[in-house]
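>>> 3D, please:
(one chain, ligands or ions: 1)
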Amino acid sequence: MYQLFVEGHFDAAHRLRNYHGRCESLHGHRYKVVVRVEADEVDRSSGMVCDFGLLKKYLKDALSEFDHAYLNEVPPFDETEPSSENLAAAIYGELEPRLAREQTRLSCVEVWETPTTGAIYSRQA
Ligand SMILES: [Zn+2]
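Numbering: from 1, shown residues only. Predicted coordinates:
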């Protein structure tokens with residue numbers, strides 16, 4: 001099995017409504033998002049699973065609504081907490097149907113809130 005990954009970034013503000021601590025105050029992050037896809041085979045002629053450029057385009061499109069935004073005002077985070085966990089799941093949901101058209105499976109989405117903390121969402125057990 002092969003696994004590919006691409007990395008993207010966005011800057012955004014948020015506050016956690018139901019958290020009691022520093023993160024309940026308005027603050028910002030430069031989020032790092034890593035998308036991993038997997039495939040059983042590579043294309044014989046290109047030697048590739050999928051074009052990195054295409055994966056980066058899908059990721060950039062998925063992140064565009066969050067970039068330079070106040071996440072608490074952007075659906076679904078106007079109703080759910082804009083946590084790293086929920087961000088990872090939302091980005092996964094955006095990417096899954098797009099990648100279904102390629103010869104790849106979406107493996108997981110990582111959202112890094114800081115260089116040392118983040119969340120990973122995957123549908124796999
Ligand atoms: Zn935060």
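>>> next up, phi/psi of the residue of the chain positioned farthest from its centre, please.
Each residue of the chain has a distance to the centre, and by Cα atoms, centre = their mean the biggest one is for Ser45: 30.0 Å. Recorded main-chain torsions at Ser45 are phi -80, psi -40, according to degrees, to the nearest 10.
>>> quick check, pLDDT for it.
In the prediction, the pLDDT value recorded for Ser45 is 91.
>>> how close does it get to Gln103?
13 Å (Cβ to Cβ, to the nearest Å). Using the backbone N, CA and C atoms, a C-beta is placed for each residue, glycine as well.
>>> just checking, what's the longest helix in the protein?
The longest helix of the chain (DSSP state H) is helix 84-99.
>>> which parts of stretch 51-64 are buried?
Counting neighbours by 16 or more other Cβ atoms under 10 Å, one finds that the buried residues in stretch 51-64 are 55, 58-59, 62-63.
>>> and Lys56, what does it touch?
Each residue near Lys56 by Cβ atoms under 8 Å, 6 or more residues apart in numbering is listed here: 6, 8.
>>> all good on my end, thank you.
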